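A.B. asks: Kindly generate the corresponding structure for this input.
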Amino acid sequence: MSAVRFLPVLLSLSLAGASLSAFAAEPPLPTDPRKRLEALQHALIDAAMASQTRVRSAAWVDNSGQLHENTRITSDMKVRGVRVLTHLQNEGGMAGAIVSDSTRATRTDEACQATEQRYRREATLETAMRIASVGTERYDWTMLLSQVRARFVSQTAVSRKWSLSSPTRVPEQTYERLLTGVQPDQMPYQMLLELLPSGALGVEPMRLARDRASGSARATRAVLNYLNDEPPRRDPIPFVIRLSVIERSSQVLMWQDTVPLFYPESEIKSTSQPLPPGLLSELDRVLHKWHDRLDNSFGCKPQQFNVLQENANGWTINGGQTAGLSIGDQLLLINREHLPARILEADSGQHMALVEVIGIKSGSALIKKLAGPKDMSRSGDWVATPF
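C.D. replies: Reported below is the predicted structural model:
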């Protein structure tokens with residue numbers, strides 16, 4: 001394993017919670033895969049034991065008169081990641097001490113920096129025009145949406161924290177899909193960039209109330225333009241731009257922001273004209289703010305890659321070279337339907353395993369099991385997270 005492995009380990013759990021601190025001098029995880037998996041499992045159990053738990057029991061008698069009982073233990077553990085601080089050898093095996101949601105950390109933590117520097121999040125970026133318009137006005141809105149997308153992609157390429165691509169257009173007909181061989185997108189995230197009319201979402205730009213003097217000035221200006229044969233002008237138009245980030249597998253909305261803007265007053269022409277410079281500078285300001293907010297929301301969250309399919313050699317996940325994975329990387333494979341909320345149940349060990357990347361492509365990787373249950377359940381929401 002590389003020197004990066006000697007940094008503290010983050011178990012990737014997609015739950016809201018606290019950031020975690022890390023120090024490079026702390027001891028690494030054990031090298032033996034089985035003991036390493038035990039240490040990670042013990043760390044999760046300790047975190048769950050430190051939080052509130054709930055026990056739900058149910059019992060019923062079937063048609064043959066046999067009594068059945070079911071007990072479910074859930075935890076209120078709210079963590080973004082679990083950092084294993086130390087590993088102590090005792091009679092029960094490997095144990096781990098952790099920092100949970102009661103500990104704060106800054107964005108300069110080494111573990112957070114390592115996650116940011118190495119891994120990138122992959123997403124498709126789709127645009128949608130929600131403003132009804134015709135003619136040259138329609139052209140202006142389309143050009144504006146195109147500019148917003150191009151500038152957002154350009155800023156994202158500079159930051160190197162996201163890898164964005166256009167969504168694949170999959171034919172609706174099965175015959176066309178088989179004929180063309182087009183496959184649906186498998187990237188972990190979807191981004192949707194929308195232009196909406198003002199007030200559509202209950203969001204509307206604030207404008208100063210017009211007084212009698214300003215109304216008279218507007219009327220005077222209109223008369224002068226008419227007498228001087230000046231082209232008519234279009235009043236400022238309020239609109240809304242919205243960016244949404246969605247997890248593809250679950251279709252859960254992960255992040256969203258809505259900003260109201262104005263398309264400034266402009267001449268009404270039958271030919272195309274460039275976008276107003278003031279509007280473009282305002283768009284750049286909004287896009288910079290979006291990038292900062294995305295960094296704050298996703299910056300220290302470790303990656304999670306969905307399991308796409310099972311094969312003879314292991315599993316295929318939707319993360320590869322573009323995301324920063326490489327052959328030999330070890331990942332934690334967990335079933336999100338059971339973990340971490342039900343980590344205190346007796347069979348929680350059946351829902352996690354330690355795996356290693358044995359094959360890599362640009363957008364996918366092949367992983368095999370190093371340690372874990374002999375017979376793993378094929379059902380559930382399985383994800384792999386790198387350390």
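A.B. asks: What average pLDDT does the helix ranked longest in the chain get?
C.D. replies: Across the chain, the longest stretch assigned as helix under DSSP state H is helix 135-159. The average pLDDT for helix 135-159 rounds to 90.
A.B. asks: What is that helix packed up against?
C.D. replies: Counting contacts by 3 or more C-beta pairs under 8 Å, 6 or more residues apart in numbering; DSSP states H and E, helix 135-159 packs against strand 121-129, strand 162-165, strand 189-197, helix 277-298. From N, CA and C alone the C-beta is placed, and that goes for glycine too.
A.B. asks: what's the model's confidence in the last one, averaged?
C.D. replies: What helix 277-298 shows for mean pLDDT is 91.
A.B. asks: buried sites along that helix?
C.D. replies: By neighbour count, with 16 or more other C-beta atoms under 10 Å as the criterion, the buried positions of helix 277-298 are Leu279, Leu283, Val286, Leu287, Trp290, His291, Leu294, Phe298.
A.B. asks: Same question for the second one.
C.D. replies: By neighbour count, with 16+ other C-beta under 10 Å as the criterion, the buried positions of strand 162-165 are Trp162, Ser163, Leu164.
A.B. asks: re the thing from before, in JSON lines: the helices and strands packed on helix 135-159, plus distance to Leu261.
C.D. replies: Written out in JSON lines, the entries for the helices and strands packed on helix 135-159 read as follows (distance: least, C-beta to C-beta, whole Å):
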{"stretch": "strand 121-129", "distance to Leu261": "15"}
{"stretch": "strand 162-165", "distance to Leu261": "22"}
{"stretch": "strand 189-197", "distance to Leu261": "10"}
{"stretch": "helix 277-298", "distance to Leu261": "6"}
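A.B. asks: Show me the one of those that comes nearest Gln256.
C.D. replies: Smallest distance to Gln256 across the helices and strands packed on helix 135-159 (C-beta to C-beta): 9.1 Å, for strand 189-197.
A.B. asks: What lies in contact with that closest one?
C.D. replies: By C-beta atoms under 8 Å, 6 or more residues apart in numbering, the surrounding residues in contact with strand 189-197 are 121-132, 141, 144-145, 148-149, 152, 164, 167, 239-248, 254.
A.B. asks: which among the buried residues of helix 277-298 gets closest to Trp315?
C.D. replies: For these, with Trp315 as the reference and C-beta to C-beta as the criterion, the closest is Phe298, at 24.3 Å.
A.B. asks: Which residue, other than its chain neighbours, is closest to Lys361?
C.D. replies: Residue nearest to Lys361 in three dimensions, not counting chain neighbours: Gly320, with 4.8 Å by C-beta to C-beta, 6 or more residues apart in numbering.
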